[in-house]
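A.B. asks: Using only what follows, build the 3D model:
(one chain, ligands or ions: 1)
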Amino acid sequence: MRDRLLAAEKVNAIDWRDGVLYLLDQRVLPFEQTWRACSSAAEVAQAIRSMTVRGAPAIGISAAYGLAMAVRQRLAEGDDWEMALEEDFELLVHARPTGANLFWALNRMRERLMRIKEGEDVAAIMEAEAIAIHDSDREANLTMAQMGVDLIRKHQGNEQALLTHCNNGALATGGFGTALGVIRAAFMEGMVERVYVNETRPWLQGSRLTAWELAEEGIALTVNADSAAAHLMKTKGITWVIVGADRIAANGDVANKIGTYQLAVNAMHHGVRFMVVASSSSIDMNLESGEDILLEERSGSELLEVAGKRVGADVEAFNPVFDVTPADLIDVIVTEKGVVERPDTVKMAQLMCRKRLH
Ligand code: MRU
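C.D. replies: Have a look, this model is predicted:
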């Protein structure tokens, strides 16, 4: 299946060429396909903050390239380069708070830096590490796609009606996608009748990005309002809700795009299975439960405006952009290290003891 998945890859949002990071601007998709060049850590941090690049894995990969650029630049500036690099690290690590991959990727870069020996080419090694982070995410996507398909086959077979939320596809990762990777692979296996895509208010990652990715591949899809999800579960024969994750705590609680929690509650009520797909770089074993996850809140104007035009009343708006789904509402978490059914603290710890495959 791996080769077939690779051959089907159409969308790519992160391109590293000649020491410059090119990002497909996700704020203007699907109407414009504009690439933005980032030549410094500051430019990458700004691209993350402004959501030019978004999706936890894509953010982590971009930050790794940002730090690689910073190493080369700081080395060229002179002696105190390691001190100066700390500033770049801090800038990048605080660009967005919730996704674990940003912290994971930057820490992996920092650990690699600390292992460099006298006389080695620091800049080249750091660039290679960023590329390795990018490649490993792509590989993880492929492994998870296969595992997710096996699960669907085992629990339900063909003719699936799937429901997904936000965008966790090629645009949000280094490759094929997490949840959307499973969905794309299941479609290739002839198992999917239709994918229902929550529009994902307020930023519309569903109707703008996921719908575009699926349509590019000729996958049958329908966009629906987020608030239609329970009704769809009742009337459209939804078999699985399949979502990604931005951070997973040690007990299996999952932070993902706002609206995921209510999907899980509704899925349990309707007997619909609930799958989370995320690589192990999204798992934060330092956090005991979802209570400890810092959830980003963005400006209320994102709710009260449409395409920059005020449509809501002149009032206060509360705009949390992630929520936490408790582990006991989740049927299965799929990672590249393996699958955890009915996640809990013990099973998550056992998973994390397994060797990372990439
Ligand atoms: O705010 P975003 O668009 O960066 O949100 C992140 C997401 O895309 C989702 O929550 C996603 O399901 C996890 S990232 C693969």
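
A.B. asks: OK, contacts around residue 148?
C.D. replies: Residues near residue 148 by Cβ atoms under 8 Å, 6 or more residues apart in numbering: 181-182, 185-186, 242, 275, 277, 334. For the C-beta atoms, the positions are set from N, CA and C on the backbone; glycine is no exception.

A.B. asks: Please tabulate the residues you listed in TSV and include distance to the ligand and pLDDT as additional columns.
C.D. replies: Listed next are the contacts of residue 148 as TSV, based on distance: Cβ to the nearest ligand atom, whole Å; pLDDT from 0 to 100:
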residue	distance to the ligand	pLDDT
181	10	97
182	12	97
185	16	96
186	17	96
242	10	98
275	12	98
277	8	98
334	12	98
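
A.B. asks: Can you name the residue of the stretch 1-150 of the chain nearest the ligand?
C.D. replies: The ligand sits closest to residue 54 of the stretch 1-150 of the chain, with a gap of 3.5 Å, by Cβ to the nearest ligand atom.

A.B. asks: ok so that residue is a strand residue?
C.D. replies: No - membership of residue 54 in a strand is not supported by DSSP: H, G, I helix; E, B strand; the rest coil, which gives coil.

A.B. asks: ok, it to residue 166 distance?
C.D. replies: From residue 54 across to residue 166, the span is 10 Å (Cβ to Cβ, to the nearest Å).

A.B. asks: Can you tell me the SS state at residue 23?
C.D. replies: Using three-state DSSP as the criterion, the local structure at residue 23 reads strand.

A.B. asks: Check the gap between the nearest residue to it once chain neighbours are set aside and residue 87 for me.
C.D. replies: Nearest residue to residue 23, sequence neighbours excluded (Cβ to Cβ, 6 or more residues apart in numbering): residue 53, at 4.7 Å. Per Cβ to Cβ, residue 53 is found 21 Å from residue 87.

A.B. asks: More neighbours: those two, which one.
C.D. replies: Neighbour tally, residue 53 and residue 87, criterion other Cβ atoms under 10 Å: the higher count belongs to residue 53, 27 against 13.

A.B. asks: Tell me who's in contact with that one.
C.D. replies: 13-14, 23, 26, 47, 59, 62.

A.B. asks: Sitting in helices, which of these do you find?
C.D. replies: Among the contacts of residue 53, the members falling in helices (DSSP state H) are 47, 59, 62.

A.B. asks: count of residues packed around the second one?
C.D. replies: Using other Cβ under 10 Å as the criterion, residue 59 is surrounded by 26 other residues.

A.B. asks: quick one on the thing from earlier: and the residue nearest to residue 23, what are its phi and psi?
C.D. replies: Dihedral angles of residue 53 (phi, psi; degrees, to the nearest 10) stand at phi -110, psi 140.

A.B. asks: separation between it and residue 149?
C.D. replies: Counting by Cβ to Cβ - residue 53 and residue 149 are separated by 28 Å.

A.B. asks: How confident is the prediction for the closest residue to the ligand within the stretch 101-250 of the chain, by pLDDT?
C.D. replies: Nearest residue of the stretch 101-250 of the chain to the ligand, counting by Cβ to the nearest ligand atom: residue 244, 3.0 Å away. According to the prediction, residue 244 has pLDDT 98.

A.B. asks: what's near enough to touch it?
C.D. replies: Contacts here follow Cβ under 8 Å, 6+ apart; on that basis residue 244 touches 55-56, 166, 168, 172, 178-180, 256-257, 276-278.

A.B. asks: Go again with 10 Å.
C.D. replies: With contacts defined as Cβ atoms under 10 Å, 6 or more residues apart in numbering, residue 244 is in contact with 55-57, 164-169, 172-173, 177-182, 254, 256-257, 260, 276-279, 282.

A.B. asks: what number of residues lie near the closest residue to it other than its chain neighbours?
C.D. replies: Leaving aside its sequence neighbours, residue 244 sits nearest to residue 168 (Cβ to Cβ, 6+ apart; 3.1 Å). Close neighbours of residue 168, defined as other Cβ under 10 Å, add up to 35.

A.B. asks: Am I right that residue 185 is in contact with residue 142?
C.D. replies: Yes - between residue 185 and residue 142 there is a contact at 8.6 Å, judged by Cβ atoms under 10 Å.

A.B. asks: Strands along the stretch 51-200 of the chain, start to end?
C.D. replies: Along the stretch 51-200 of the chain, counting by DSSP state E, counting those that start in this stretch, strands occupy 160-164, 192-198.

A.B. asks: Equivalent analysis for the stretch 201-350 of the chain, please.
C.D. replies: Secondary structure of the stretch 201-350 of the chain (DSSP E, counting those that start in this stretch): strands at 221-224, 240-243, 247-249, 254-257, 273-277, 283-284, 305-306, 309-310, 322-325, 332-335, 338-341.

A.B. asks: so can I have CSV of those showing mean neighbour count?
C.D. replies: Shown next, in CSV, are the strands of the stretch 201-350 of the chain (neighbours: other Cβ atoms under 10 Å):
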stretch, mean neighbour count
strand 221-224, 18
strand 240-243, 28
strand 247-249, 29
strand 254-257, 29
strand 273-277, 25
strand 283-284, 22
strand 305-306, 14
strand 309-310, 8
strand 322-325, 22
strand 332-335, 26
strand 338-341, 17
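
A.B. asks: Fine, thanks again, bye for now.
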